[in-house]
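1. Starting from these lines, generate the structure:
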Amino acid sequence: MARFSRLRRLGAHLHFPWLLLVFLGAFVFFLEFIIETGSNAQGAQPLAPEPLPHVDTADRSLVVEARVLRVIGGDAIEVELNGRQVEVSYAGSHVSEPCTEKAAERNRKLVEGQTVFLFADASLQDREGAVWRYVFIPDGRLVDAILVREGLTRAWRRDGTYQEVLINLEGRARHAAAGCLWRE
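-> The predicted structure follows:
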């Protein structure tokens, strides 16, 4: 009989550790859930978006005005410039799979039929004669930055006025799993 009571006391002691482990597991699960949902129940706000590069479109020493005739893709447009049709490639970003269609669609919404402002950076043309420019929409925002921030294009890694800002926007988009480039 004494042997049976020893087992009962041992069993009572064994229940406590298991109960503690179950409680700790539930607590950890709850904390992960709260962190994953962003603590919206407590009114937490998302991180402020990184400001986009702007240009003063009224300063004609910085930019040239052009009318978009058509969107060629997610990183190129055809514009009317000084009475000529010119293909312009975006100087700060480039499209890659799987986002070619979505980037082109978003680009179309941003610039098609619009007057845009072209900013020439260090490299004006490539070997094939393509014209590279930073393209700004009428409100002064950089189209490259919008597309990169939304996870539709990648930032160019070569030199450029806005290179650092665009690379930072790409990193934030990747971290947030934004757009078709960074969703898995």
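
2. Spatially, what comes nearest to D144 if we skip its sequence neighbours?
-> G92 (3.4 Å; CB to CB, 6 or more residues apart in numbering). In short, each C-beta sits where N, CA and C put it, glycine included.

3. Hmm, I typed the wrong one, I wanted Y134.
-> Nearest-residue entry for Y134: F119, 4.2 Å, with adjacent residues in sequence omitted and distances by CB to CB, 6+ apart.

4. and that neighbour, what does it touch?
-> Under the criterion of CB atoms under 8 Å, 6 or more residues apart in numbering, the contact list for F119 reads V55, L62, V63, A91, R133, Y134, V135, F136, T161.

5. Filter those residues down to the buried ones, PyMOL style.
-> Selection command for PyMOL covering only the buried members of the contacts of F119, criterion 16 or more other CB atoms under 10 Å:
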select buried, resi 55+63+91+133+134+135+136+161
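
6. any chance of the contacts of F119 in CSV, with distance to K109, secondary structure and pLDDT too?
-> As requested, those are arranged in CSV below (distance: CB to CB, whole Å; DSSP: H, G, I helix; E, B strand; the rest coil; pLDDT from 0 to 100):
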residue, distance to K109, secondary structure, pLDDT
V55, 20, coil, 60
L62, 25, coil, 72
V63, 21, coil, 83
A91, 20, coil, 90
R133, 20, strand, 91
Y134, 19, strand, 92
V135, 14, strand, 93
F136, 16, strand, 92
T161, 25, coil, 83
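
7. and which of the contacts of F119 is nearest V71?
-> Out of those, the one with the shortest distance to V71 is V135. That distance is 11.0 Å, counting by CB to CB.

8. Can you report how many residues neighbour the closest residue to that closest one other than its chain neighbours?
-> Nearest residue to V135, sequence neighbours excluded (CB to CB, 6+ apart): V143, at 4.6 Å. Around V143 sit 25 other residues, with neighbours defined as other CB atoms under 10 Å.

9. now the one 5 residues further on
-> Counted with other CB under 10 Å, the burial measure for V148 works out to 32 neighbours.

10. Give me the mean pLDDT for stretch 101-111.
-> Rounded to a whole number, the mean pLDDT of stretch 101-111 is 96.

11. wait, isn't R133 in contact with L142?
-> No - applying CB atoms under 8 Å, one finds R133 not in contact with L142, separated by 10.8 Å.
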